[in-house]
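In: Need a 3D model of the following:
(one chain, ligands or ions: 1)
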Amino acid sequence: MGFLDEIKERATALKRTIVLPETEDSRILEAAAKLVKDGIAEIVLLGDEEKILADGKELGVALEKCRVINPVDETDEKEDLIELFVELRKHKGLTREDAKEMIKNPLYYGTLMVKADQVDGMVAGAANPTGDVLKPALQIVKTAEGINSVSGAFVMIVPDKSFGQDGKLIMADCAVNPKVDADTLGEIAVASAETAKKIAGLEPKVAMLSFSTMGSAKHKLVKKVQQATKKAKEIDPDLLIDGEMQADAALVPSVADRKAPESKVAGQANVLVFPGLESGNIGYKLVQRLAKAEAIGPIIQGLDKPVNDLSRGCSVDDIINLTAITALQV
Ligand code: ACO
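Out: Alright, predicted model coming up:
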């Protein structure tokens, strides 16, 4: 069984409920129908029920088994969410009036449902940019205990099975933090190892990437990665992690033998932590295109409850896969 089939099978066994707020997008409606039909998750759709069902009919998909909530309707459930929203954000100056307006935005309504445990997670981003999906999550769901920074990881499946674990690797942060300090980078490493275990079923071997291997270059950016490695070890002393190292030393045993012979990670890394968002985002896209790798994600890690962001170019299958992954993150 392929990795994605395995993910969907694991999600099906969990029977989680996921909210999909972007019902104006036909791909979301098609994915919702398939998710419910295949039993991968229970689905809540946000919007006008009549319109959603009519759109579904036009697409030839059955949406009757999805629960539909309209964020503009005045209901007791919505009143409770407004109260929760004000309680969570009043220290930031959020008034009841503002909250009442903002909750009409399905991205806020859905995020508040996640926070209030009315659903297990949210998947959005088919019709909204990353920032619009992540900001409500960062403001309302917030980070998990002990984590200060949310980040985005990809499961990469490369055709050459000699890399990572059977061709499977985690790459992070490829999606969220334009600016990282050493402590944040250390946290990203720990969160990525968790994603490697929980989602990809890997025994994490974490390489902290740089343009230098084990002190071969002296630079403040190299030092940052060294400090991040130390921080990750402080957070999780049992973590198999090493750095700083170059990508070839992380991945190729013969290079590792020369550049980092003592390392238990070099040459066999399956979690690659990039030193910044620029290298991370560019890096995963290069591997995806040049190596014809499958890139699954970004999987948003570090939030207290799962909210995941789709690419606006996503396919119906991408939505189904990310919903299944979200179910596994709960
Ligand atoms: N982790 C945890 N909390 C965070 C993070 C983070 N990484 N970033 C911001 N926050 C919190 C802030 O502390 C703040 O909390 P508060 O309001 O309770 O004080 C809240 O989020 C909002 O902060 P802002 O400063 O308003 O948010 P910001 O402008 O930093 O936006 C965002 C956050 C949207 C994630 C931004 O960093 C961003 O746009 N990142 C890049 C996303 C992107 O474009 N990625 C590439 C495309 S994705 C792809 O190609 C796969």
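
In: I'd like the distance between the nearest residue to Gly276 once chain neighbours are set aside and Asn148.
Out: Nearest residue to Gly276, sequence neighbours excluded (Cβ to Cβ, 6 or more residues apart in numbering): Val180, at 5.9 Å. (C-beta placed from N, C-alpha, C; glycine too.) Val180 sits 11 Å away from Asn148, going by Cβ to Cβ, to the nearest Å.

In: between those two, who's got more neighbours?
Out: Val180 (22 against 10; other Cβ atoms under 10 Å).

In: Show the low-confidence segments of the protein, by residue range.
Out: The chain contains no residues with pLDDT under 70.

In: tell me the domain boundaries of it?
Out: 3-142+307-329, 151-298 (automatic domain parsing).

In: Quick one: closest of the ones you listed to the ligand.
Out: domain 3-142+307-329 (3.2 Å; Cβ to the nearest ligand atom).

In: is the closest one up against the ligand anywhere?
Out: Yes - contact of domain 3-142+307-329 with the ligand (Cβ under 6 Å from any ligand atom) involves 92, 130-131, 134-135, 138-139.

In: Just give me the closest of those residues to Thr17.
Out: Ranked by distance to Thr17 (Cβ to Cβ), the residues of domain 3-142+307-329 next to the ligand are led by Leu134 at 21.1 Å.

In: any chance you could map the helices in this structure?
Out: 3-14, 26-37, 49-59, 76-89, 96-102, 106-115, 130-136, 182-198, 220-235, 247-251, 253-259, 277-290, 316-329 (DSSP state H).

In: Show me which positions of stretch 33-50 end up buried.
Out: For stretch 33-50, burial by neighbour count (16 or more other Cβ atoms under 10 Å) applies to 33-36, 40-49.

In: ok, of these, which one's closest to Lys104?
Out: Leu46 (10.3 Å).

In: Return the residues in contact with the closest one.
Out: 19-21, 23, 68-71, 106, 109-110 (Cβ atoms under 8 Å, 6 or more residues apart in numbering).

In: picking up where we left off before, quick one: the residue nearest to Gly276 and Ile188 touch, right?
Out: Yes - counting by Cβ atoms under 8 Å, Ile188 is a contact partner of Val180 at 7.1 Å.

In: quick one: common contacting residues for these two?
Out: 149, 173.

In: how close does the residue lying farthest from the centre of the chain get to Ala217?
Out: Computed with Cα atoms, centre = their mean, the residue of the chain farthest from its C-alpha average is Arg258, at 34.9 Å. Using Cβ to Cβ, Arg258 is found at 16 Å from Ala217.

In: burial count for the closest residue in space to Ala200 that isn't next to it in sequence?
Out: With Cβ to Cβ, 6+ apart as the criterion, Ala200 has its nearest non-adjacent residue at 5.0 Å, and that residue is Val155. For Val155, the number of neighbouring residues by other Cβ under 10 Å comes to 27.

In: try Gly93
Out: Neighbours of Gly93 under the rule other Cβ under 10 Å: 7.

In: Check Asp117 too.
Out: By other Cβ under 10 Å, neighbour count at Asp117 equals 8.

In: again with the one 10 residues further on
Out: Burial of Ala127, expressed as a neighbour count using other Cβ under 10 Å, amounts to 19.

In: what pairs with Leu272 across the strands?
Out: Per DSSP bridges, residues listed as beta-bridge partners of Leu272: Met171, Ala207.

In: Check Leu46 too.
Out: Assigned bridge partners for Leu46, using DSSP bridges, are Ile69.

In: gap between it and Arg67?
Out: 10 Å.

In: OK, contacts around the nearest residue to Ala31 once chain neighbours are set aside?
Out: Nearest non-adjacent residue to Ala31, counting by Cβ to Cβ, 6+ apart: Ile319, 3.7 Å away. Residues near Ile319 by Cβ under 8 Å, 6+ apart: 20, 27-28, 31, 123, 126, 310.

In: With Arg27 instead?
Out: 126, 314-316, 319.

In: redo that, cut-off 10 Å
Out: 59, 126-127, 310, 314-319 (Cβ atoms under 10 Å, 6 or more residues apart in numbering).

In: Drop anything exposed from the residues you listed.
Out: Buried among the contacts of Arg27 by 16+ other Cβ under 10 Å: 126-127, 310, 314, 316, 318-319.

In: With distance to Asp173 added, can I get those residues in TSV?
Out: Below are these laid out as TSV (distance: Cβ to Cβ, whole Å):
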residue	distance to Asp173
Ala126	22
Ala127	24
Leu310	17
Cys314	20
Val316	27
Asp318	20
Ile319	22
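
In: wait, which of those residues is closest to Asp236?
Out: Leu310 (29.7 Å).

In: Please look at the closest one and Gly152 and confirm they touch.
Out: No - at 11.9 Å, Leu310 and Gly152 do not qualify as touching, with contact defined as Cβ atoms under 10 Å.

In: so what sits against both of the two?
Out: With Cβ under 10 Å, 6+ apart as the test, Leu310 and Gly152 both reach 130, 297-298.
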